[in-house]
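Novice: Sequence first, predicted model second:
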Amino acid sequence: MSFKFKPCRHGFEKWFSNDCINISNRQYIKNHTDDLIPTLTSCRNSKDIYVQDRRQSIQLTIQRLIDVLHSKNINVSKHLSYREKTGHDGAGSMSIYRSTENPMCDPNIFCTMFVPLALKNEKSKEILWGNESPNSAFYSRPLLLIAEKENHDLLRFVNETYEHQEKSLEQNGLTFQYKNETYNVKINIEASMKDMKVRMAETGLEGAQWLMCSTKQEDWKDLKKISDSNFFHINRTAEKIFALYNQLVDNDGNILKRRNDYDTSTGLTSKPVSINNQHFITITHQYINGTS
């Protein structure tokens, strides 16, 4: 997974926001964009920005899709199902524009994104809109931009900010009014846009050989075990990982480590910082990373 970062039009934004400069329809443009993008808030060291309200970004996306469907004379049900994928990643060695007014001083950037995947009629299951290029950077929508190197504390902050909101939306759905109509939307969010490094850090399983179950590399080449349809079943969940952490941690918050204790610790080295199950990694992907 990779994200494409484009240079921001910082000069234009300052120019557009300057009330001393006369721009026709300025207020009209501002009012129009208020309905297109979610509210941005500063975070961390006040130089970084994020969308604090996860509900708002989803609702605005659904509203735009409704408008597109109506423009094509497609009838939109009041009971909908919306699906998206989310994830985050970091990039280093970014170019820095040297200017006394530029607050950017860190060559690292960390980004959380989401990609709309589908909107369908919840009752008839008819797909009203589907993303034909779900892996294209064109459809990636930023939720958070932080000029900081990817680290354990940063992942904890991001997940504490979004994961509980997303779980609540999945459990309770989303109800809102738009153009005098009330829509009830079922929400499905897949945390699938994460690489192996991020997943291992989030789960605390940085010593694990596989994130979806507690098998070992030698098991992957054992024909007898491979033939057993139940041997490689997915048995790692976020709930079980947190329970294991509570069993292994001491009073100081450190995990007790012993020689040859993989059968007990199953690769857990630090406290998990994600409540999501890490079930979006293919066997081939993990095999390549685990044996290279």
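Specialist: On my side now, so go ahead.
Novice: shaky segments in the stretch 151-292 of the chain?
Specialist: 281-292 (pLDDT under 70).
Novice: what about the closest residue to Thr86 other than its chain neighbours, which SS state?
Specialist: Sequence neighbours aside, Phe114 is the residue nearest to Thr86 in space, at 4.5 Å (criterion: C-beta to C-beta, 6 or more residues apart in numbering). Yep, even glycine has a C-beta here, placed from its N, CA and C like the rest. Three-state call for Phe114 (DSSP: H, G, I helix; E, B strand; the rest coil): strand.
Novice: Use 13 as the first number for this chain going forward.
Specialist: That works, and once the first residue is 13, the last one we named lands at Phe126.
Novice: Can you give me the distance of Phe126 to Asn266?
Specialist: 35 Å (C-beta to C-beta, to the nearest Å).
Novice: So for those two, which residue has more residues nearby?
Specialist: Taking neighbours as other C-beta atoms under 10 Å, Phe126 and Asn266 compare with Phe126 leading, 26 against 11.
Novice: I figured the more buried one hits Leu156, correct?
Specialist: No. With contact defined as C-beta atoms under 8 Å, Phe126 does not count as touching Leu156 (10.2 Å).
Novice: Quick check: the gap between Leu167 and Ser286.
Specialist: Taking C-beta to C-beta as the measure, Leu167 falls 8 Å from Ser286.
Novice: for the stretch 13-162 of the chain, what are the low-confidence residue spans?
Specialist: Low-confidence segments of the stretch 13-162 of the chain, defined by pLDDT under 70: 13-36, 38, 41-42, 44-46, 105-118.
Novice: list the buried ones in stretch 87-94?
Specialist: Neighbour-count burial for stretch 87-94 flags 88-89, 92-94 (criterion: 16 or more other C-beta atoms under 10 Å).
Novice: so how far is the first residue of it from its last?
Specialist: Stretch 87-94 has an end-to-end distance of 16 Å (C-alpha to C-alpha, to the nearest Å).
Novice: hmm, who's touching that stretch?
Specialist: With C-beta atoms under 8 Å, 6 or more residues apart in numbering as the test, stretch 87-94 has contacts from 70, 73-74, 78, 81-82, 128, 130-136, 140, 186, 193-200.
Novice: how far does the helix or strand hosting Leu92 sit from the chain's center?
Specialist: Element membership for Leu92, per DSSP states H and E: strand 91-103. Relative to its chain's centre, strand 91-103 lies at 6 Å (C-alpha atoms, centre = their mean, to the nearest Å).
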